[in-house]
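Novice: coordinates only, sequence not included:
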């Protein structure tokens with residue numbers, strides 16, 4: 001979120017040190033009141049697909065509301081919302097849903113809990129939170145998944161304002177809080193946001209990267225929503241993040257037994273405490289076989305940690321082009337997603353930002369160099385929205401990753417000030433034309449796209465194993481959305497890659513060769529906006545019926561590569577390291 005202009009007296013400034021006195025109005029700080037570029041028509045002979053996303057959450061049984069403070073949103077900690085995870089906690093082949101829960105500053109009622117939804121098949125879910133042994137955990141923010149002890153059961157890590165939580169999957173349908181036992185407990189309160197499991201040293205054990213946002217205490221924050229506090233466009237608003245004390249990021253190393261040690265400083269992840277970290281996005285962005293870390297930052301330059309192959313990282317956000325936009329301006333980075341949108345064999349990065357600014361598409365040029373191509377790609381539109389969760393997904397299965405974005409303002413009272421902005425905002429959908437440009441289908445993508453909500457985290461996964469990706473969206477003070485595309489689609493392949501130990505192969509690079517063209521993706525923890533998606537990698541195949549699959553495994557030597565020729569389309573498969581395909585499941589055709 002972008003900072004509000006400071007109007008605080010010096011006595012109050014001291015409480016929020018180091019406060020930047022004389023902070024500019026938001027529209028001046030971003031990119032000169034960025035204006036939408038005209039939507040480009042499709043070239044002659046090119047036709048966009050039929051897309052029909054509908055929200056089927058209610059009939060699917062997803063009814064829990066996410067609470068994030070009080071409805072008047074007094075403090076910044078209430079504005080950021082929460083994340084969501086799609087993961088298969090019981091290994092039955094049907095991805096389940098974990099909905100992170102917030103809290104209230106002054107809550108006299110029953111304690112709030114997150115919600116675990118068990119997938120019953122056919123896009124129907126059962127709330128099994130109590131049955132799974134999950135109760136009140138605190139003020140939740142984000143979530144990421146990974147099998148920390150290589151026992152074949154996926155664990156969860158929850159970031160929070162307060163104390164983060166590690167939930168160990170016991171393998172019998174229940175979870176246990178083992179934060180202290182795993183070395184992840186911090187005695188002091190902290191505000192963490194995004195996270196991702198990552199095997200950064202390729203030793204076969206998952207480590208953990210965590211983003212931290214603001215060193216924040218509500219009682220010490222400047223007076224909220226008063227003329228003596230902060231304002232945005234002349235409107236009194238919650239203060240922050242700029243003007244509040246910034247944070248550093250955290251990296252934990254797994255000792256091989258599921259116990260973690262803080263290695264932030266020695267690994268080169270420690271920065272000055274002046275960043276507002278949000279989403280952790282991992283990937284091998286320079287194609288050297290080692291996973292790197294990108295962290296979106298709000299109102300400060302984003303961070304890019306390049307893996308140096310020796311247990312340490314080099315922060316090179318500015319030199320890589322990933323810290324700022326093409327004008328050299330820092331932005332209010334929220335969510336992030338990665339894909340090879342242009343088909344050149346390199347992972348590109350897309351980042352969402354606050355209103356009065358465009359999102360940012362960074363094209364990967366190789367050798368840790370990125371170019372902001374937002375305008376050239378046709379994505380410099382809808383600057384009126386506050387953008388949050390985002391995902392590359394192939395909604396028509398043509399083999400070219402498309403883009404989805406959710407929006408929602410941070411100020412529920414914004415309508416009262418006649419600024420032309422709304423708290424609840426529609427979603428955005430862009431079709432990848434396959435020529436380096438995207439076509440805006442936000443108004444024609446179906447009722448699930450045009451519906452207005454105050455949304456935050458999202459996650460993507462094929463929840464009914466039919467070859468089409470669904471989207472789960474967190475909506476503040478409402479039940480989540482479950483978006484399914486009822487439009488026509490082509491062939492697809494869904495791949496679950498597991499290591500020799502039996503856990504999801506986070507960091508594995510998958511390459512599918514379809515009709516002479518290569519599609520790449522990776523098994524990833526975290527991303528989106530402080531959320532977690534299905535570990536299974538989805539490939540659109542167009543009209544092709546067979547493809548060759550190559551997997552570069554994430555542990556051991558970088559040369560640990562396995563190729564499986566002639567894989568049939570329209571199935572989801574399990575590939576185990578060193579053993580090839582061990583399971584084949586044809587896609588279902590269930591109707592919700």
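Specialist: Now that the structure is in, tell me what you want to look at. Everything quoted here is computed from the prediction, not taken from an experiment. Numbering: from 1, shown residues only.
Novice: please count neighbours and contacts with C-alpha atoms only from this point.
Specialist: Fine.
Novice: wait, residue 485 sits on residue 55?
Specialist: No. Between residue 485 and residue 55 there is no contact, the gap being 9.1 Å when judged by Cα atoms under 8 Å.
Novice: for residue 487, give me the pLDDT.
Specialist: pLDDT recorded at residue 487 is 96.
Novice: what is the neighbour count of residue 435?
Specialist: Neighbour count for residue 435, taken as other Cα atoms under 10 Å: 11.
Novice: return the residues in contact with it.
Specialist: Residue 435 makes contacts with residue 342, as judged by Cα atoms under 8 Å, 6 or more residues apart in numbering.
Novice: does it belong to a helix, a strand or coil?
Specialist: Recorded secondary structure, residue 435: coil (DSSP: H, G, I helix; E, B strand; the rest coil).
Novice: for the one 10 residues further on, same thing?
Specialist: For residue 445, the assignment made with three-state DSSP gives coil.
Novice: now do the same contact list for it.
Specialist: Here residue 445 is in contact with 50-53, 429 (criterion: Cα under 8 Å, 6+ apart).
Novice: if you rank these by neighbours, which is first?
Specialist: Busiest of the contacts of residue 445 [other Cα under 10 Å] is residue 429, holding 25 neighbours.
Novice: direction included, what does the particular helix or strand that has that one in it pair up with?
Specialist: Assigning secondary structure by DSSP states H and E places residue 429 in strand 428-432. According to DSSP bridges, strand 428-432 forms sheet pairs with strand 402-407 (antiparallel), strand 438-440 (antiparallel).
Novice: which one of the ones you listed lies nearest to residue 540?
Specialist: strand 402-407 (10.9 Å; Cα to Cα).
Novice: quick one: the closest residue to residue 417 other than its chain neighbours from residue 454, how far?
Specialist: Nearest in space to residue 417, with sequence neighbours left out and distances taken as Cα to Cα, 6 or more residues apart in numbering, is residue 235 at 7.2 Å. From residue 235 across to residue 454, the span is 19 Å (Cα to Cα, to the nearest Å).
Novice: same deal with residue 411?
Specialist: Taken as Cα to Cα, the span from residue 411 to residue 454 is 10 Å.
Novice: who has more neighbours out of the two?
Specialist: residue 454 (26 against 23).
Novice: quick revisit: now the common contact residues for residue 411 and residue 454.
Specialist: residue 423.
Novice: before we move on, back to that, can you redo the contacts of residue 445 as TSV with secondary structure?
Specialist: Shown next, in TSV, are the contacts of residue 445 (three-state DSSP):
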residue	secondary structure
50	coil
51	coil
52	coil
53	strand
429	strand
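Novice: adding distance to residue 248 and pLDDT, write those out as CSV.
Specialist: Shown next, in CSV, are these (distance: Cα to Cα, whole Å; pLDDT from 0 to 100):
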residue, distance to residue 248, pLDDT
50, 45, 97
51, 41, 98
52, 42, 98
53, 39, 98
429, 33, 98
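Novice: which helix or strand in the chain has the lowest average pLDDT?
Specialist: helix 10-13 (a mean of 27; mean pLDDT, DSSP states H and E).
Novice: what about residue 474, how many neighbours?
Specialist: 29.
Novice: got a list of what it touches?
Specialist: 66, 82-84, 99, 455-458, 480-481.
Novice: where do the helices sit along the stretch 251-400 of the chain?
Specialist: Taking DSSP state H, counting those that start in this stretch as the criterion, the stretch 251-400 of the chain contains helices spanning 317-320.
Novice: for it, which spans come out with low pLDDT?
Specialist: Of all residues in the stretch 251-400 of the chain, none has pLDDT under 70.
Novice: now the nearest residue to residue 270 once chain neighbours are set aside: phi and psi?
Specialist: Distances taken as Cα to Cα, 6+ apart put residue 264 closest to residue 270, at 5.4 Å, once the chain neighbours are dropped. Backbone torsions of residue 264, given as degrees, to the nearest 10, read phi -50, psi -50.
Novice: surely residue 264 touches residue 271?
Specialist: No. Residue 264 is not in contact with residue 271 according to Cα under 8 Å; the separation is 9.1 Å.
Novice: and the helices in the stretch 451-592 of the chain?
Specialist: Counting by DSSP H, counting those that start in this stretch, the stretch 451-592 of the chain contains no helices.
Novice: all strands of it, in order?
Specialist: 455-461, 470-475, 481-485, 491-498, 509-514, 517-522, 537-542, 546-552, 561-568, 571-576, 580-586 (DSSP state E, counting those that start in this stretch).
Novice: most centrally placed residue in the chain?
Specialist: Taking Cα atoms, centre = their mean, the centroid of the chain lies closest to residue 528, which sits 1.6 Å from it.
Novice: so it versus residue 446, what's the distance?
Specialist: In terms of Cα to Cα, residue 528 sits 21 Å off from residue 446.
Novice: next one: residue 486
Specialist: With Cα to Cα as the criterion, residue 486 and residue 446 are 9 Å apart.
Novice: shared neighbours of these two, which are they?
Specialist: Shared contacts of residue 486 and residue 446 (Cα under 8 Å, 6+ apart): 51-54.
Novice: quick one, what contacts the nearest residue to residue 537 once chain neighbours are set aside?
Specialist: Spatial nearest neighbour of residue 537, chain neighbours left out: residue 495 (5.1 Å); criterion: Cα to Cα, 6+ apart. Contacts were defined as Cα under 8 Å, 6+ apart; by that measure residue 495 touches 536-538, 572-575.
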